[in-house]
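Visitor: Fold the following.
(2 chains)
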2 protein chains.
Amino acid sequence: MTSFTQTVRVVGAGLLGTSIGLALTKQGVDVAIASQSAKSVELAVQYGAYKIAKESDSPDLIVVCVPPNLTAKIISQELEQFPDAIVTDVASVKASVLNELIALGAPIDRYVGSHPMAGRERGGVIAGRADLFVGRPWVITSNEKSKPEGVALIKQLATALEASVIESTAVDHDRAVALVSHVPQLISSLLASRLVGANASDVSLAGQGLRDTTRIAASDPALWMQILQANSREVQAVLTSYQAELAGVVSALSNVADAANYETIEAVLKAGNVGIEKIPGKHGTKHSTYAQVVVMIDDKPGELARLLTEVGDIGINLEELKLEHSPSAQIGLVELYVLPTAEQSLIADLQARGWRIA
Amino acid sequence: MTSFTQTVRVVGAGLLGTSIGLALTKQGVDVAIASQSAKSVELAVQYGAYKIAKESDSPDLIVVCVPPNLTAKIISQELEQFPDAIVTDVASVKASVLNELIALGAPIDRYVGSHPMAGRERGGVIAGRADLFVGRPWVITSNEKSKPEGVALIKQLATALEASVIESTAVDHDRAVALVSHVPQLISSLLASRLVGANASDVSLAGQGLRDTTRIAASDPALWMQILQANSREVQAVLTSYQAELAGVVSALSNVADAANYETIEAVLKAGNVGIEKIPGKHGTKHSTYAQVVVMIDDKPGELARLLTEVGDIGINLEELKLEHSPSAQIGLVELYVLPTAEQSLIADLQARGWRIA
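Guide: Predicted structure coming up:
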């Protein structure tokens, strides 16, 4: 972890501002908080996130953590008030913020956009966590005039918070988040909207599939209207392609026995399989990338640890692991995921050591 | 829990058949398995789910757990082969199965349809769990000719598996599952389909929202084509209303500043908030059964084995375990699932040993 030695001013005491404050304060960084909500400031300071910002502060770095529609205005004010500071923000849309700053004539050489991809369902000071950014993407969108030392400083910040730095442009960022965040939000809200007029007895059959696909439909409409308005063009582009494919499915459902209709619907399901494999990392299923080796272990304490110790002795790196335990089963099935090149030797070595491969 | 004293024959050794076998065997019920896949039978028997079915068996109850498009045919065969048995099935569409049985002239007085709402995106013997049905809805769709003692027997089965019995008709059932299961599947697949042609760098920004909304897009296309074909009319009806609301949103995105357009999109987000509130509590989902403890481990060989050895030393039984590896992260997040009563002491003991809890 890079040690972060600059003084920081955070504007806004919500989830992201508080989390940044908590994480930096923990590392001994001098962090001041400014917010229009005196109550939030008091709570954040009590929570250990910051000290209260003073007029006399001279921060090296300012992080603006306010709602998207206020972001450009506040950045502009901060750039003016602190003429030596580098300013960044955490808004989830980037091109509209940059364009507004340019329109305001702000000194954007000291501005570097950023977007830590780390939300939670709960907002506010209390939801803040020092580890909110650990392992999460942190997109840095420098503009053409951004000073290199400013960009370096934001990278240092993201790295200090243990996020994974991704460099992008405002335009590329907005296209990406339309796809991975803004369209999923609308898709989910439209689905949950179907439940409004439905029979309660029908909805009572809901399983995990409906719960997962509609979870984000609980999001705050006011915040999302700001995001969707700021990124409407990119969202519309993705949604238009969704709409066209949906129309094909709706039409094909009129007569699925017809071969062409069958293929239309099947193609969507198969494309879904392919698409989900492209999602990296945590909860992404990269199972096609890795070979699966299923080992049967006796359902007794210590067996899994013994297996993993031996896998370590064999010298093969596990990419993923799953153990699902059926309460009554006499054996547990452990799914080991390894690089395909390691599969055969892992199986051979485990069998030589007496493990049963399913 | 009601004790179940009848002898049972399960036809099909997939997820549901194996799970029913595991759960009943645990209760001492005599369960025989019949499947066209000798390998699945062998694995299921090793897994402790059943004994192998013999010609001489005389089951009281037969549970047909085969793919939807084979269900009616197999039910009909079983009704003929075992003239004293009550037969049920677990297919996720009910009207088409009943209609096909009537067309075949099957003795449907001994048939009672059922649908345990406990799917997973993974199938096969390995995915089977004795607790799969705990707290889940189990829909029983008796037909006009079903014998009362047959209906009572299926209720007894569902109750023995700790599911929540819901009585319905085949038609009402199919309308409900179109809404809560079949449409969400297509919506999710259509969303994941958008990722296929996307830049990998765009998809790399995926967060939990995209992961949740696309999780079920990993489902088996062959199985889902059978379901969608069998329930195409009900699915089309829900999807047509979805399509109309989507069209309004796509159009409104052209100029969100316009008040009417703003309201169109905002209404969808607000309706989503209302709709999700109609979903009943997460009774009996896997994650509410177990408490999740997330431990951060350094991404180096041997750390997971060391963690599990220490969990073993602490003496707490792991119900489930997941490790998913984010390629760029310096740490791995291990999800341990334990009984809720063990959660606090596990966290305390792990922290005392120096582990970081996320």
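
Visitor: average model confidence for stretch A:242-255?
Guide: Mean pLDDT, computed over stretch A:242-255, is 98.

Visitor: Quote the end-to-end distance of stretch A:202-212.
Guide: This stretch, stretch A:202-212, spans 17 Å end to end (Cα to Cα, to the nearest Å).

Visitor: For chain B, tell me whether that stretch is touching it.
Guide: Yes - interface with chain B: stretch A:202-212 contributes A:D202, A:V203, A:S204, A:L205, A:A206, A:G207, A:Q208, A:G209, A:L210, A:R211, A:D212 (Cβ under 8 Å from any Cβ of the partner chain). Every residue, glycine included, has its C-beta placed from N, CA and C.

Visitor: what residues does that stretch touch?
Guide: Outside stretch A:202-212, the residues that touch it by Cβ atoms under 8 Å, 6 or more residues apart in numbering or on different chains are A:191, A:195, B:117-119, B:136-137, B:139, B:166, B:172-173, B:175-177, B:179-181, B:184-185, B:188, B:212-213, B:215-216, B:278-280, B:282, B:285-286.

Visitor: Domain ranges for chain A, per the record?
Guide: Taking automatic domain parsing as the criterion, chain A consists of the domains A:8-168, A:174-245, A:253-283, A:291-357.

Visitor: Mean neighbour count added to those domains, as CSV?
Guide: Putting the domains of chain A into CSV (neighbours: other Cβ atoms under 10 Å in any protein chain shown) gives the following:
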stretch, mean neighbour count
domain A:8-168, 20
domain A:174-245, 21
domain A:253-283, 18
domain A:291-357, 18
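
Visitor: Mean pLDDT lowest where, among those domains?
Guide: Of all those, domain A:291-357 carries the lowest average pLDDT, namely a mean of 81.

Visitor: Among the residues of stretch A:202-212 next to chain B, which are located in helices?
Guide: Using DSSP state H, the subset of those located in helices is A:D202, A:V203, A:Q208, A:G209, A:L210, A:R211, A:D212.

Visitor: how about these in a markdown table, adding distance to A:Y337?
Guide: Shown next, in a markdown table, are those (distance: Cβ to Cβ, whole Å):
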| residue | distance to A:Y337 |
| --- | --- |
| A:D202 | 38 |
| A:V203 | 36 |
| A:Q208 | 23 |
| A:G209 | 24 |
| A:L210 | 28 |
| A:R211 | 26 |
| A:D212 | 22 |
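
Visitor: ok, back up a step: next step: the contacts of stretch A:202-212 restricted to helices.
Guide: Counting by DSSP H, the contacts of stretch A:202-212 place A:L191, B:D172, B:H173, B:R175, B:A176, B:V177, B:P184, B:Q185, B:S188, B:D212, B:T213, B:K286 in helices.

Visitor: between these, which is nearest A:G17?
Guide: Within the ones in helices among the contacts of stretch A:202-212, proximity to A:G17 (Cβ to Cβ) peaks at B:D212, which comes in at 25.3 Å.

Visitor: How far does stretch A:152-164 sit from its chain's centre?
Guide: Remark: stretch A:152-164 is offset 16 Å from the chain centroid, using Cα atoms, centre = their mean, to the nearest Å.

Visitor: Just give the nearest non-adjacent residue to the residue in the stretch 51-200 of chain A that chain B sits nearest to, would you?
Guide: Per Cβ to the nearest Cβ, A:S189 is where the stretch 51-200 of chain A lies closest to chain B, at 3.1 Å. Nearest non-adjacent residue to A:S189, counting by Cβ to Cβ, 6 or more residues apart in numbering or on different chains: B:G272, 3.1 Å away.
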